[in-house]
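Colleague: I'd like to go over a predicted model; first the sequence, then the structure.
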Amino acid sequence: MIDRKSGVPAFRQVAADLREKIVSGEFSPGAKLPSEHDLVDTYGVSRPTVREAVDVLRGEGLVTSEHGRGVFVRPPASIQRIARSRLSREARDRNRGAFLADAAASGFTPSTSVKIRFESADTRAAGHLAIDEGVEVTVRDRVMRADGLVVQLAVSRLPRDLTRGTAIEDVDTGPGGTYARLEESGRAIGSFAEHVGARMPTPAEATQLQLADGVPVITVTRVAYAVDGTPLEMNDMTLPADRYELSYEWPAD
């Protein structure tokens, strides 16, 4: 029940009690919180007070709301993104490159939804891909999930001349993914370059990634180059900063 004489607003008392139950494990990761009706009865407060309390927890990143289903304790998804060998030929041959490598290392079940579209290259894409502005590019727009939770947005762009007639224009690119299909067409991957940054999310990104207020995103732009140095793909990745750790290793010689 609420202490009416404490001077602490009722919604903050409710939020504090629910927070303690989440932290202690009484409400485990992924668990559904009691219904709004049950919380009203438990704490002896109004529905608006319960909603304010849940908003506090949502803002702290402790819970997420699913329309028509309820409020759930957010799973603690901590993903280590290791740059050591994530895109090596061996990893790609084993179908364990990039996001799948992160899944294996972090122990989560990965899933990805993909949308394909075609567009004219803007100035930025043209610069990274060394093509003229306005040239048609293939866009692979992916939403990546860890145990059902969206943890990465990734948008790849490739010159359409490289993808036409290949599985790169299909939702499922097959074993080894886009890079395997490029190599099958005679364009061996020679190197990768990544450019890492950080910024605040757009409203759409904050919604898709279910970000708490004030949480920034990490941005990674990766360019894949052929052996002769020709750019083959530009991949823009957006990662929630509260769920990712970027790890880099390289030889000292």
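Modeller: Yep, that arrived.

Colleague: shaky segments in the stretch 101-250 of the chain?
Modeller: 104-105 (pLDDT under 70).

Colleague: In it, what residue spans correspond to strands?
Modeller: Using DSSP state E, counting those that start in this stretch, the strands of the stretch 101-250 of the chain run over 110-120, 136-146, 149-159, 189-199, 217-226, 231-240, 244-247.

Colleague: List just the one of these that sits closest to residue 32.
Modeller: Nearest to residue 32 among the strands of the stretch 101-250 of the chain is strand 149-159 (14.9 Å), distances taken as C-beta to C-beta. (Glycine included, C-beta is placed from N, CA and C.)

Colleague: Enumerate the positions of the closest one that are buried.
Modeller: 149, 150, 151, 152, 153, 154, 155, 156, 157, 158, 159 (16 or more other C-beta atoms under 10 Å).

Colleague: And the strands of the stretch 101-250 of the chain: which comes nearest residue 12?
Modeller: strand 231-240 (26.0 Å).

Colleague: So what are the sheet partners of the closest one and their directions?
Modeller: Using DSSP bridges, the strands paired with strand 231-240 are strand 149-159 (antiparallel), strand 217-226 (antiparallel).

Colleague: Quick one: residues in contact with the longest one.
Modeller: To tie it back to what came earlier, the one meant is strand 149-159. 74-75, 77, 79, 99, 121, 125, 129, 131, 135-145, 168, 178, 205, 208-210, 232-240, 243-244 (C-beta atoms under 8 Å, 6 or more residues apart in numbering).

Colleague: chain center to that strand: distance?
Modeller: 8 Å (C-alpha atoms, centre = their mean, to the nearest Å).
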